[in-house]
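Colleague: Got a predicted structure plus its sequence, pasted below:
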Amino acid sequence: MDSREAQISAVAALEEPTRHRLYNYVLSQPGPVSRDEAAAALELPRSTAGFHLDRLVDQGLLDSGYQRLTGRSGPGAGRPAKLYRRSSRQVTVSLPQRCYELAGRLLSTALRHAEHSGKSPRAILNQHAYEMGKELGETARRATGTRNSLNAALRVLDDNGFEPRMEDNEVVLGNCPFHSLAQDHQELICGMNLRLLNGVLDGLAPTKLTAQPRRAPAQCCVRITRSAQG
């Protein structure tokens, strides 16, 4: 998954008007587009079109490749042209950060497994949330080491949109990445979130951090406490 900074940078690349027009033009075509085609369609110098198209490739918004447009090969067939097409990369930026795709994956997986197993969808959801959280915690532990579990926890929480901040011996989570879902289905989503965060902390083990439900306006429904020796 792209970092948040990389996704913001990709969106910012489209702020330039000519680049945005070229991006939309490529997306509107049924097949790959050459520099000459794009330049002619938008009435731009070929060098200008090429510069902005390559910037879009650099940002991962377009893919490029080479192909002979004549359909011939061998001597006399001409040089391959550089062609541009939509990238498979997905860019999503929200302020404050939301993680609805993560919630969607957990919910759909729980429903699918419940249909096959006959078990409670909520129990399966909480199990998968815990497992995913543990995987996030283990990844953060490997990246940062275990000498400072608090810093590792703050990093993984920040990376996933919780906006953690220290208040005395508590980690307050200033943002709920599942805000809209939690507004409509509070008990279900907050339970899933608690299990996710329990998994994160267990994945960071050994740690003296504990996730506990504690609802507050405009914040995550979970707070993380630590012992004075944590």
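Modeller: Yes, it's here. Numbers count the residues shown, from 1 in each chain.
Colleague: Show residues contacting the biggest helix by length in the chain.
Modeller: Assignment by DSSP state H gives helix 121-144 as the longest helix of the chain. By C-beta atoms under 8 Å, 6 or more residues apart in numbering, the list of residues contacting helix 121-144 from outside reads 102, 106-107, 109-111, 113-114, 117, 149, 151-153, 155-156, 160, 188, 191-193, 195-205. C-beta here means a position set from N, CA and C on the backbone, and glycine is covered the same way.
Colleague: In helices, which of those residues fall?
Modeller: By the criterion of DSSP H, membership of these in helices covers 102, 106-107, 109-111, 113-114, 117, 149, 151-153, 155-156, 188, 191-193, 195-203.
Colleague: so where's the protein uncertain?
Modeller: Within the chain, the ranges that satisfy pLDDT under 70 run 1-2, 69-78, 145-148, 227-230.
Colleague: Could you break it into its assigned domains?
Modeller: 4-86, 100-226 (automatic domain parsing).
Colleague: could you dump those domains to TSV with distance to residue 94 and mean neighbour count?
Modeller: Conversion of the domains of the chain to TSV gives the following (distance: least, C-beta to C-beta, whole Å; neighbours: other C-beta atoms under 10 Å):
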stretch	distance to residue 94	mean neighbour count
domain 4-86	10	15
domain 100-226	9	17
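Colleague: could the ones you listed go into JSON lines alongside distance to residue 93?
Modeller: As requested, the domains of the chain are exported to JSON lines (distance: least, C-beta to C-beta, whole Å):
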{"stretch": "domain 4-86", "distance to residue 93": "5"}
{"stretch": "domain 100-226", "distance to residue 93": "11"}
